[in-house]
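S.K.: A structural model of the following input is requested.
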Amino acid sequence: MKTLFRFLTTVSFILISTTLLSQDFSAFQYRTIGPLRGGRVTTVTGTPVLPGTFYLGASGAGVWKTEDYGTTWNNVSDGFFDTPSIGAIEVAVNDPNIVYVGTGSDGLRSNIISGKGMYKSIDGGKTWSHIGLKNAGQIGAVEIDPTNSNIVWVAAIGNAFKANEERGIYKTIDGGATWSKMLHISNTTGFADLELLPGNPNIVYAAAWKAQRTPWTIISGGENKEGGIYKSVNGGKDWIKLENGLPKGLIGKIDLAVSAVDSSILYAIIEAPGDEGGVYKSVDQGTSFVQTSSNKGLVNRPFYYTNIELDPTNPDIVYSNANPLLKSTDGGKSWTRMSVPHGDNHDIWLNPNNPDLLIQCNDGGANVSHNGGKTWSSQFNQPTAEIYQVAVDDQYPYWVYGAQQDNTTIAIPSAAPSATSPQGTQVMIDVGGCETGPTIPKPGNHNIVYNNCKGRFSVYNKITGVGREYSIGASNIYGHNPKDLKYRFQRVAPVHVSPHDPDVVYMGSQFVHKTRNDGVIWETISPDLTAFEADKQVNSGSPITRDITGEEYYSTLYSIRESKIQKDLIWTGSNDGVVSLTQDGGQTWTTVTPKNLPKGGRVESIEPSQFDPAKAYISVDRHLLGDTTPYFYKTEDYGKTWELLTSEIPSDYTSKVLREDPIREGLLYAGTEYGMFVSINDGENWKPFQQNLPVTPITDVILFRGDLILSTMGRGFWVLDNITTLRDSAITSLNDTPVLFQPDTTIRYRTPRRSRDFPNYPETGVIIDYYLPKSFKNEVKLEILDANKQTITSILSDSTKTTSTKENVENMALSMSFSYFDNTLETEKGINRFQWNMRQKGAWDHRESRRYKNGPMVPPGNYTAKLTVGNKTFEQPFKIQIDPRLAKEGIDETIIANHIAFENKVLNLLTEARKFQSDLETEIKKSKGGRKQSLETVLKTIKNDDGAYPQQMLVPQIAYLSYIVGDADKIIGKDMKERYTELVAALKKLKVEANI
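M.R.: Have a look, this model is predicted:
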């Protein structure tokens, strides 16, 4: 019997897998809700041929292009690039259609995304081709030979997290068809920059850099033989190292700049110990150098910044991108600070024909200036935010919360927050804390928000705008060796609110801490739950520059989750690979790390099952250790044994987050470094669930009110509305029969009309999914039935039925039902989605496209969707619920029903009046003499005169009454009722006078 059961189970899984993997989920589309505020941009460029055209390359958002001086930006890499991380962009000097991009940004942060080689466009970024160097890692620079755009040079820093052979200087002479490695020092030393000599592109300078990140430190630089500046005078065949006047000892990251107007002048900004770090200048093409400045602002956080650029018309004007942006007008001797929209500066490009026209980038985005940096274009037009986590509150509609790297925490509405929300205007608030998060609204009281900021806990009150800090230990942990700290907090330290008591909040250092009073009193409820290896507890930043911001604090907790179905069952995961469990609220703890999990990884997420307390899922990220393998695990026995679930996810799609659907057991959502996956059979099989999502890391996932909500490391927040169909058992057995999935309960919101501007919030509506086993032409119809099974609306898919349907509509003027065509009622094979706007029949209009459209929203209640496919019909019930905000106002379903009844009376009157006007105009055309004059007199009383500000006559007056009646759910006012009576009488009188 057991053997038979196993066989049947296996067959079942195979059938489910086959059905799932064969489905096209393209009907399910994500939408971005922002923020529109820019994120980190690591490289920018322009072209003198098209002065209004610029490109930006973001750390996690791909390549964007503006053709209007930065007024608007559009992504041009989506659908072509395998990674969103950009290191360098270059446009051919004489042909702006030719663009080369090196992927993999050069600021080696812990959350850096790996590069995947070189891309080329020959049509100004409309399309792209991958042209090799897939394993080069992070690319620091790309240079195009100005005499031949098929000759291109690349500086490859290499893999940020391990040694690799591909580090070096590369060259192609055939536009990227083949590449030659021209210079290689070692598997640990790559190249951060290169420059071609103006006037002679066979002379090349290259800046070597030994660099690597680990979870506990940053290696930037090494012995002199492991770095420095190299020069070739014969197109890369031979190289010499430039040493005269340069640092002799340790040497780190270097960036170079050659004067466009005096090729003898070469600048270098160099990371080196003490006062040796700074700017160096050569006036003899590198034969010798003189240090011009050791200003510390030039080389602070050199692994992250370090970029020098010259004014293309004046070699004495020098720019240094770091924190801050500095400018020298005396050849690099003295420096002044330039004001830019955001700190942490990375790159700058100046138009060689007009250096006052420039583009600069920083951790807030890219910004264009027309006046040498006095004023800048906006950064609030680039939805490229890096978000660490996602949370939601319990408002209607719900708001989405997260922390934007390099900026603030934010809360953004998931949909239009009110019926009058201005479309195209970003609604966003800062909710305390800082760039790292997490930021968690309190269940039951969204005005209270719990925050972490680099290990510091605070409670923010949205009403007062005040955040109260109650940090555990009340100590500033910046700059410390972690071994000396009482509490080790990661800068993205976990904060978790108990699902059983919103007053209970957990936070993780190496311990689990618990508060019941918003942090006034903390208790520690665990021992050290990390591996705490002594050799990993070091001052971060070697061998030259310390960099201790909390990113590299190793052996800290990274995730905490309490079971939703069993109080005091708490799971934790550390950033050095330890998984722990308590079943008694912290009195006893057990280490339950998977035995086959390689050590040292970061437990990015823990997901206790919402169906079985013994079951949980974890996601472990080891990319900081040079291992990009995804590690998603499942346990069904409280962590005694674990099963790896990643056999069908690509081997370099590092695991980020794994969440379980709260309604359907075994329905899982996985976020990885490069996109989304879904499993319908508890991780046995996976299907890509990327849809229209751009390629970018998925940092967190939450399921709420039937929606799938994501945060990303480079493209802000995304929402997939209504994933109810995935929860339907029918999705595992789709075959040759059409299927109508049961629509989810829909809340009846009043929302503003959609616009083309961002954010384009959706209008409220019932989402109806259906499956067609083949494509149909004119045999699909959707009807909406009320609780009495009376048809309210019929939506048809095919315009070939126009004639018959027109007649049908005309003949049912007294009916409350109406029919119309909608090309979004898809008839293609597979799963299709239609959104019904909940509108019933409106007024007649002489314009066919508007006839009977935009009637009142149906009232809350029970409804049925009826799908007709050929000669088969399918029905599914669903509910429409009242807006909870209305209920708090005292607007109940009885008031809404009375309101709609009166609104329909007004609409019927409007229909009668408009038809009367149409008939009158027709009769006038046929009439003559006194009869015609008499009818024209009647027409003047019902129709406005042409021109500005005409007196409003009868039909517009009825339309106005319809407008003010239908603007909101409300008790009908006395004046409205009286006005309706007046208008009815007036129309009746005029119809008698017209006698038609």
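
S.K.: Would you agree Leu983 is in contact with Ile958?
M.R.: Yes - under the criterion of CB atoms under 8 Å, Leu983 is in contact with Ile958, at a separation of 5.4 Å. Where C-beta positions appear, they are placed from N, C-alpha and C, glycine not excepted.

S.K.: which residues do these two both contact?
M.R.: With contacts taken as CB atoms under 8 Å, 6 or more residues apart in numbering, the residues that reach both Leu983 and Ile958 are Leu909.

S.K.: Those two: which has the busier surroundings?
M.R.: For Leu983 against Ile958, the residue with the higher neighbour count under other CB atoms under 10 Å is Ile958, and the figures read 26 against 20.

S.K.: Tell me the confidence at Leu825?
M.R.: As summarised for this prediction, Leu825 has a pLDDT of 94.

S.K.: In space, what's closest to it - neighbours in sequence excluded?
M.R.: Leaving aside its sequence neighbours, Leu825 sits nearest to Ser797 (CB to CB, 6 or more residues apart in numbering; 4.3 Å).

S.K.: Tell me which residues touch the one you found, please.
M.R.: The contact partners of Ser797, by CB under 8 Å, 6+ apart, come to Phe776, Asn778, Val780, Lys781, Phe821, Asp822, Asn823, Leu825, Glu826, Thr827.

S.K.: didn't Asp394 look like it was pressed against Asn447?
M.R.: No - taking CB under 8 Å as the contact criterion, Asp394 and Asn447 are not neighbours in contact, 11.3 Å apart.

S.K.: wait, is Arg899 part of a helix?
M.R.: Residue 899: His, not Arg. Yes - His899: assigned to a helix according to DSSP: H, G, I helix; E, B strand; the rest coil.

S.K.: Distance-wise, check it relative to Lys977.
M.R.: Distance, His899 to Lys977, using CB to CB, to the nearest Å: 12 Å.

S.K.: So for those two, which residue has more residues nearby?
M.R.: Taking His899 and Lys977 together and counting by other CB under 10 Å, His899 has the greater number of neighbours (20 against 13).

S.K.: Am I right that the more buried one is in contact with Asp969?
M.R.: Yes - counting by CB under 8 Å, a contact exists between His899 and Asp969, whose distance comes to 5.8 Å.

S.K.: got a list of what Asn148 touches?
M.R.: When the contact criterion is CB under 8 Å, 6+ apart, the partners of Asn148 are Ile173.

S.K.: give me the low-pLDDT residue ranges for the protein?
M.R.: Scanning the chain for pLDDT under 70 picks out 1-23, 422-423, 799-816.

S.K.: Going by residue numbers, what spans are helices in it?
M.R.: Along the chain, the stretches classed as helices by DSSP state H are 2-22, 724-727, 802-810, 884-889, 893-926, 929-942, 954-966, 974-994.

S.K.: Make a markdown table from the ones you listed and add distance to Pro48 to it.
M.R.: As requested, the helices of the chain are arranged in a markdown table below (distance: least, CB to CB, whole Å):
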| stretch | distance to Pro48 |
| --- | --- |
| helix 2-22 | 50 |
| helix 724-727 | 51 |
| helix 802-810 | 54 |
| helix 884-889 | 55 |
| helix 893-926 | 59 |
| helix 929-942 | 63 |
| helix 954-966 | 54 |
| helix 974-994 | 64 |
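
S.K.: looking at those helices, which is buried most?
M.R.: helix 724-727 (a mean of 21; mean count of other CB atoms under 10 Å).

S.K.: what does that one rub up against?
M.R.: The set of residues that contact helix 724-727 without belonging to it, under CB under 8 Å, 6+ apart, is 28, 661, 663-664, 667, 678, 680, 706, 731, 741-744, 767, 769, 831.

S.K.: let's go with 10 Å and repeat that
M.R.: The set of residues external to helix 724-727 that reach it, using CB atoms under 10 Å, 6 or more residues apart in numbering, is 20, 25, 27-28, 661-664, 667, 669, 678, 680, 689, 703, 706-708, 720, 731, 739, 741-745, 767-771, 831, 833, 878.

S.K.: about what we covered before: which residues are in contact with both of His899 and Lys977?
M.R.: Common contacts of His899 and Lys977, defined by CB under 10 Å, 6+ apart, comprise Val965.

S.K.: Could you check how many residues crowd around the residue nearest to Leu246 when sequence neighbours are not counted?
M.R.: Beyond its immediate neighbours in the sequence, the residue positioned closest to Leu246 (CB to CB, 6+ apart) is Phe289, lying 5.4 Å away. Phe289 is surrounded by 23 other residues when neighbours are defined as other CB under 10 Å.

S.K.: for Ala614, what are its contacts?
M.R.: With contacts defined as CB under 10 Å, 6+ apart, Ala614 is in contact with Ser563, Gln566, Leu569, Gln583, Pro608, Thr635, Glu636, Asp637, Tyr638, Gly639, Lys640.

S.K.: hang on, the first one packs against Gly585?
M.R.: Spelled out, it's Ser563. No - contact criterion CB atoms under 10 Å: Ser563 and Gly585 do not qualify, at 11.3 Å.

S.K.: Now the common contact residues for these two.
M.R.: Leu569, Ile570.

S.K.: Please say which of the two ends up with more neighbours.
M.R.: Counted by other CB under 10 Å, Ser563 and Gly585 do not tie: Ser563 has more neighbours, with 22 against 15.

S.K.: if we can go back for a sec, overlap in contacts of His899 and Asp969?
M.R.: Residues touching both His899 and Asp969 (CB under 10 Å, 6+ apart): Pro856, Pro859, Ile891.

S.K.: quick check, nearest of those to Arg931?
M.R.: Arg931 has its nearest neighbour among the shared contacts of His899 and Asp969 in Pro856, at 38.9 Å by CB to CB.

S.K.: neighbours of that closest one, just the number please.
M.R.: The number of residues packed around Pro856, counting by other CB under 10 Å, is 23.

S.K.: measure it to Phe741 for me?
M.R.: Taking CB to CB, one finds Pro856 at 27 Å from Phe741.

S.K.: Next: Ser282.
M.R.: In this structure, Ser282 and Phe741 are 70 Å apart, going by CB to CB.

S.K.: got it, and Asn150?
M.R.: Here Asn150 is placed at a distance of 53 Å from Phe741 (CB to CB).

S.K.: again with Val512
M.R.: When CB to CB is the yardstick, Val512 and Phe741 sit 42 Å from each other.

S.K.: what do you get for Asp967?
M.R.: Here the criterion is CB to CB. By it, Asp967 lies 34 Å from Phe741.

S.K.: do Pro383 as well
M.R.: Here Pro383 is placed at a distance of 31 Å from Phe741 (CB to CB).

S.K.: can you check Tyr55 too?
M.R.: In this view, Tyr55 and Phe741 are 43 Å apart by CB to CB.

S.K.: can you check Gly973 too?
M.R.: For Gly973, the distance to Phe741 equals 42 Å [CB to CB].

S.K.: okay, those two: which has more neighbours?
M.R.: For Gly973 versus Phe741, the count of surrounding residues by other CB under 10 Å is larger for Phe741: 23 against 11.

S.K.: And the more buried one, its phi and psi?
M.R.: Backbone torsions of Phe741, given as degrees, to the nearest 10, read phi -80, psi 150.

S.K.: For stretch 285-292, buried residues please.
M.R.: Buried residues in stretch 285-292, defined by neighbour count with 16 or more other CB atoms under 10 Å: Gln285, Gly286, Phe289, Gln291, Thr292.

S.K.: ah, wrong one, I meant stretch 784-796
M.R.: Across stretch 784-796, burial judged by 16+ other CB under 10 Å covers Ile784, Leu785, Asp786, Thr791, Ile792, Thr793, Ser794, Ile795, Leu796.

S.K.: could you list every residue that touches the fourth one?
M.R.: By CB under 10 Å, 6+ apart, the contact set of Thr791 is Glu783, Ile784, Leu785, Ser815, Met816, Ser817, Phe818, Ser819, Thr864, Lys866.

S.K.: In strands, which of these fall?
M.R.: Counting by DSSP state E, the contacts of Thr791 place Glu783, Ile784, Leu785, Phe818, Ser819, Thr864, Lys866 in strands.

S.K.: Just give the nearest non-adjacent residue to the third one, would you?
M.R.: The spatial neighbour of Leu785 that comes closest, neighbours along the chain excluded (CB to CB, 6+ apart), is Thr864 at 4.1 Å.
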